[in-house]
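**Student:** Generate a structure from the sequence data that follows.
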Amino acid sequence: MRKLGFESSELRAVETLMLEEFRSEPFHNLNLLYGRPRQSGLKGGTCSDKTLSFLSAAEQAGFDVALHTGFIGGEEIHRLARVSIGGRIFFADVGNGWPALRLYPSDKEIRFRCFGMGFRTEIADSRVKVFHERVGKESLQLEINVRGRPEDEIKAEIARRFSSGIAYPFNNSLRFSLVMGERFLFLRGDRLEIYSDQGMQVVQGIEEPDVSEVILRHFGFDVGPLIAGSSTIP
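**Tutor:** Down below sits the predicted model:
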């Protein structure tokens, strides 16, 4: 019983750290859209940036964590963290653009809801499949091979992710998302989607000249210096 209690306590501590990541560091693809050389100091980024940030914080907090990969649309293009707790393996999908706030066990299927959305897993043949439901529609979001790969390989892939020719789902359309209080906000292309337990709201028709103001007003980040003078958002 003592071991189970310790495991539960550590699991909650890791998930608290995950929530802080989703609240403080936005998922965004501004560096991809506007080029890595134009550094702005903006926190967050795509799955690799957010996962590496989480790994650093988790290691400092004394957790046993490592880099891991996931499959989206059959392609091994997603990064997440593998967490060892009490001899069990979990996965922290902190690099997700959507609020994956719970650890995914490698040995037990789970389901949970947040901000009016549903997440659940299926496990078979050493694979964890993650399904995401929003606005009444469910889709396969992610597939994780429980058996990991060497971290050096993953880090090398991260280093060349913007020059390798990989086609990410968000290559040509703006993404910016963050947990804001009791709501989850996701700016996707020309629409801002606002999710909560009370339902979903949409602000449509956001034009490129308004992007900086929308992100500052709704998310509290000043991205003007990063995107000033550019016109790459379709």
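**Student:** after the longest strand belonging to the chain, next one along is what?
**Tutor:** In terms of residue count, the longest strand belonging to the chain (DSSP state E) is strand 75-85. Later in the chain than strand 75-85, the nearest helix or strand by DSSP states H and E is strand 88-92.
**Student:** Neighbouring strands - and their directions - for that next one?
**Tutor:** strand 75-85 (antiparallel), strand 104-105 (antiparallel) (DSSP bridges).
**Student:** out of those strands, which comes closest to Glu143?
**Tutor:** strand 75-85 (9.1 Å; CB to CB). To be clear about C-beta, it is placed using only N, CA and C from the backbone, and glycine gets the same treatment.
**Student:** before we move on, the earlier item: mind putting the strands paired with strand 88-92 into TSV with mean pLDDT, distance to Pro26 and mean neighbour count?
**Tutor:** Listed next are those as TSV, based on pLDDT from 0 to 100; distance: least, CB to CB, whole Å; neighbours: other CB atoms under 10 Å:
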stretch	mean pLDDT	distance to Pro26	mean neighbour count
strand 75-85	95	16	21
strand 104-105	98	22	22
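**Student:** Centre-most residue in this structure?
**Tutor:** Centroid-nearest residue in the chain: Asn96, 1.8 Å away (criterion: CA atoms, centre = their mean).
**Student:** residues contacting that one?
**Tutor:** With contacts defined as CB atoms under 8 Å, 6 or more residues apart in numbering, Asn96 is in contact with 27, 47, 80, 141-142.
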